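[1] give me a 3D structure for the following:
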Amino acid sequence: MADDPHYDVIIIGTGAGGGTLAHRLAPTGKRILILERGGFLPRERDNWESTAVFVRGKYRAPEFWYDKHGDQFPPEVNYYVGGNTKFYGAALFRLRPEDFGELRHHGGISPAWPIRYEDLEPYYTQAEHLYLVHGHHGEDPGEGPVSAQYAHPPVLHEPRIQQLSDDLEKHGLHPFHLPIGVNLTQDAKGGATHGSVCIRCNRVDGFPCLVRGKADAQVICVEPALEYEHVRMVTGANVRRLETGPTGRTVNGVVAEMEDGSEARFRGDIVVVACGAANSAALLLRSANEHHPRGLANSSDTVGRHYMRHNNLALMAVSKEPNDTQFQKTLALNDWYLGADDWDFPLGGIQMLGKSDADQIKGEAPHWAGLASPDMPFEVLAHHAVDFWLCGEDLPLPENRVTLDGNGDIHLTLDEKNNIEGLKRLQHKLRGMLGQLGMHPHHLLPHSLYLHKGMPIGATAHQAGTVRFGTDPQTSALDVDCKAHDLDNLYVVDTSFFPSIGAVNPSLTAIANAMRVGDRIAERIR
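    Predicted coordinates for the structure are as follows:
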């Protein structure tokens, strides 16, 4: 690596933020280096095996973080080209306009963003088109204004989910087609056409896609960016620290540990961190030096703080009639996103999960001890399962934070009861409707395996907020363009920049923001 040239831009990480940014900057003609600590995910049968993915956690990073008590836990992180988008469910929602303003919750205040929904809206549209999002704007009455319709029609419901949608409408609710990023061409009945890349199977949610039909960052952004001769990617490069120049105002070295244990140093005019909220914060903290004794970009002492990951519940209901659905992730419901008739505070949203199978349910059985679980064989239960994801907003508390110990290991302090009353009420709403939705009313079971967690703190898939942006350098690490207040050439473009997280999957917002910041960087390097 000693003869590596000086790059115009170095991007650390290839997920929704870093991968999208590389795609945005590739056409500039500038020299771009992408550093990824992992490699390409192996394409093998285990990609679609529930036991391998969910029960054994074959593709989860073989590392442990520590909670506030010093106990180890396995975080839900994956280090591959494409980052966690290789395993995400590709549910690509916009935040609502209200999410960009201050919102009062039962548990406290969700702060306002330094930009408005209108500032990000054009990039939301571009992100939806780039990531092949299928949906229909206008079905969800609470969504914000849009400048263009989705480029692809919604993924049609299969019969059992269509019946669920009809039943919800009969109760005066407003279910809508979940916006999902898949390379799918449908026939008149919603089936995959002969030439469709996506085959509309039951492996979209939580599994890597063997046929490249899911719109992940590797397929959509990284590989197209690498077609430009001036864009280079180095895999197996675990960036350990960033070095600053004599004044401390610029990053002039990116130091990585390579797969063979050697150390490599890379140099670039602009350095962009996109390692995921926990690892980006850890990298900045680990890079402390005499100019930045608390870590890079951390004169405000906010780096690592305000960690968020949503208040999530994965739940399985049991349909009275068989549920033959394969591609189940097609419906969402946001009627109580901002409140309810009997509750003045936000509850959150409900969406479908991928369809449970017998192997997943067998793996869940130990988690159902003491619950009224159905007396059915696993195969029969799987045939009747209907799977839901409930998502509520947690709040950016400064004491919820990422820190490092003397060995450089990540410690995550988290208040797991942060603003959970809304989620409890959302679960109560769903439970109360089960009988009217053709479900057994007493069976709403936790789907713990979906969260890849041995304990609640391990559900880190929606991690955000640790390097927040803002207008005040005293209370934020980044400016409105996601450049560090303290440094002239350091940017952060993953979900670390979020001041609040709303109650929808954060990926589309990370993608749209990477496009927005990409335009600012492109103007600068020109």
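
[2] the protein: helices as residue ranges?
    Ranges of helices in the chain, per DSSP state H, are 18-25, 50, 117-130, 159-170, 217, 223-226, 277-286, 358-364, 378-384, 421-433, 507-525.

[3] now the longest one: buried residues?
    Burial within helix 507-525, assessed by neighbour count using 16 or more other C-beta atoms under 10 Å, is assigned to 507-518, 521. Bear in mind the C-beta positions are built from the backbone N, C-alpha and C, glycine included.

[4] picking up where we left off before, quickly, which of the helices of the chain bottoms out on average pLDDT?
    Lowest mean pLDDT within the helices of the chain: helix 358-364, at a mean of 87.

[5] ok, for D479, nearest residue in space, not its chain neighbours?
    Among residues not flanking D479 along the chain, H485 sits closest, at 5.8 Å (C-beta to C-beta, 6 or more residues apart in numbering).

[6] mind checking how far the one you found is from N513?
    Distance, H485 to N513, by C-beta to C-beta, to the nearest Å: 17 Å.

[7] return the most buried member of the helices of the chain.
    Mean neighbour count (mean count of other C-beta atoms under 10 Å) peaks for helix 217 among the helices of the chain, with a mean of 32.

[8] list the helices and strands that helix packs on?
    Helices and strands touching helix 217, as assessed by 3 or more C-beta pairs under 8 Å, 6 or more residues apart in numbering; DSSP states H and E, comprise helix 18-25.

[9] not counting the helix it packs on itself, show me its contacts.
    9, 11-14, 32, 34, 82-83, 85, 127, 130, 217-218, 220-222, 224-225, 231, 272, 274-275, 493-494, 510-511, 514-515, 517-519, 521-522, 525 (C-beta atoms under 8 Å, 6 or more residues apart in numbering).

[10] mind checking pLDDT for P377?
    Looking at P377, its pLDDT is 89.

[11] and it, how many neighbours?
    Other residues near P377 come to 12 when the count uses other C-beta atoms under 10 Å.

[12] angles on the backbone of it, please.
    Main-chain torsions, P377, degrees, to the nearest 10: phi -60, psi 150.

[13] any idea which helix or strand in this structure has the lowest mean pLDDT?
    Here the helix or strand of the chain ranked lowest by mean pLDDT, DSSP states H and E is helix 358-364, holding a mean of 87.

[14] that older thread, tell me how far the residue nearest to D479 lies from M308.
    Counting by C-beta to C-beta, the gap from H485 to M308 is 21 Å.

[15] those two: which has the busier surroundings?
    M308 (28 against 19).

[16] identify the bridge partners of the more buried one.
    In this entry, M308 is beta-bridged to A464, by DSSP bridges.

[17] which residues touch it?
    By C-beta under 8 Å, 6+ apart, the residues touching M308 are D394, L395, P396, N400, H462, Q463, A464, G465, F498, S500, I501.

[18] wait, what's in contact with the fourth one?
    Listed by C-beta under 8 Å, 6+ apart, the contact partners of N400 are R305, H306, Y307, M308, T413, L414, D415, N418.

[19] buried only: go through those for me.
    Buried residues within the contacts of N400, counting neighbours by 16+ other C-beta under 10 Å: R305, H306, Y307, M308, T413, L414, N418.

[20] and of these, the nearest to T185?
    When the buried ones among the contacts of N400 are compared for distance to T185 (C-beta to C-beta), M308 wins out at 36.4 Å.

[21] relative to D519, how far out is that closest one?
    26 Å.

[22] do the same with I525
    11 Å.

[23] repeat that for H6.
    In terms of C-beta to C-beta, H6 sits 23 Å off from D519.

[24] same thing with Y117?
    Noted for Y117: a distance of 18 Å to D519, by C-beta to C-beta.

[25] go on, E63?
    35 Å.

[26] mind putting the helices of the chain into TSV with distance to L478?
    Output for the helices of the chain, formatted as TSV (distance: least, C-beta to C-beta, whole Å):
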stretch	distance to L478
helix 18-25	14
helix 50	39
helix 117-130	15
helix 159-170	40
helix 217	21
helix 223-226	23
helix 277-286	11
helix 358-364	39
helix 378-384	45
helix 421-433	28
helix 507-525	10
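
[27] tell me which of those lies nearest to G348.
    Judged by C-beta to C-beta, the one of these that comes nearest to G348 is helix 421-433, at 5.2 Å.

[28] flag the shaky bits of the chain, pLDDT-wise.
    1-4, 451-455 (pLDDT under 70).

[29] give me that answer again for 90
    1-5, 54-55, 358-378, 416, 442-443, 445-459 (pLDDT under 90).

[30] residues contacting the closest residue to R96 other than its chain neighbours?
    Computed as C-beta to C-beta, 6+ apart, the closest residue to R96 that is not its neighbour in sequence is G144, at 5.8 Å. With contacts defined as C-beta under 8 Å, 6+ apart, the neighbours of G144 are R94, R96, P97, Y117, E121.

[31] how close does the third one get to Y117?
    Read it as P97. 4 Å.

[32] and for the first one?
    Distance of R94 to Y117, given as C-beta to C-beta: 8 Å.

[33] what do you get for L353?
    According to C-beta to C-beta, L353 stands 27 Å off from Y117.

[34] isn't P122 up against S147?
    Yes - applying C-beta atoms under 8 Å as the test, P122 and S147 come out as touching, 6.1 Å apart.

[35] count the residues that sit near the residue lying closest to K30 once chain neighbours are set aside.
    Nearest non-adjacent residue to K30, counting by C-beta to C-beta, 6+ apart: D8, 3.8 Å away. Per other C-beta under 10 Å, the neighbour tally for D8 reads 19.

[36] residue contacts, D8?
    Taking C-beta under 8 Å, 6+ apart, we find D8 in contact with K30, R31, I32, G268, D269, I270, I525.

[37] any chance of the buried ones among the contacts of N400 in JSON lines, plus distance to W343?
    JSON lines is the format used below for the buried ones among the contacts of N400 (distance: C-beta to C-beta, whole Å):
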{"residue": "R305", "distance to W343": "29"}
{"residue": "H306", "distance to W343": "25"}
{"residue": "Y307", "distance to W343": "26"}
{"residue": "M308", "distance to W343": "22"}
{"residue": "T413", "distance to W343": "29"}
{"residue": "L414", "distance to W343": "25"}
{"residue": "N418", "distance to W343": "18"}
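
[38] going by distance to A256, which of the residues you listed wins?
    Set against A256, the nearest of the buried ones among the contacts of N400 by C-beta to C-beta is Y307 (24.7 Å).

[39] nearest residue to that closest one other than its sequence neighbours?
    The spatial neighbour of Y307 that comes closest, neighbours along the chain excluded (C-beta to C-beta, 6+ apart), is N400 at 4.5 Å.

[40] ok, Q463 next?
    Spatial nearest neighbour of Q463, chain neighbours left out: A277 (4.1 Å); criterion: C-beta to C-beta, 6+ apart.
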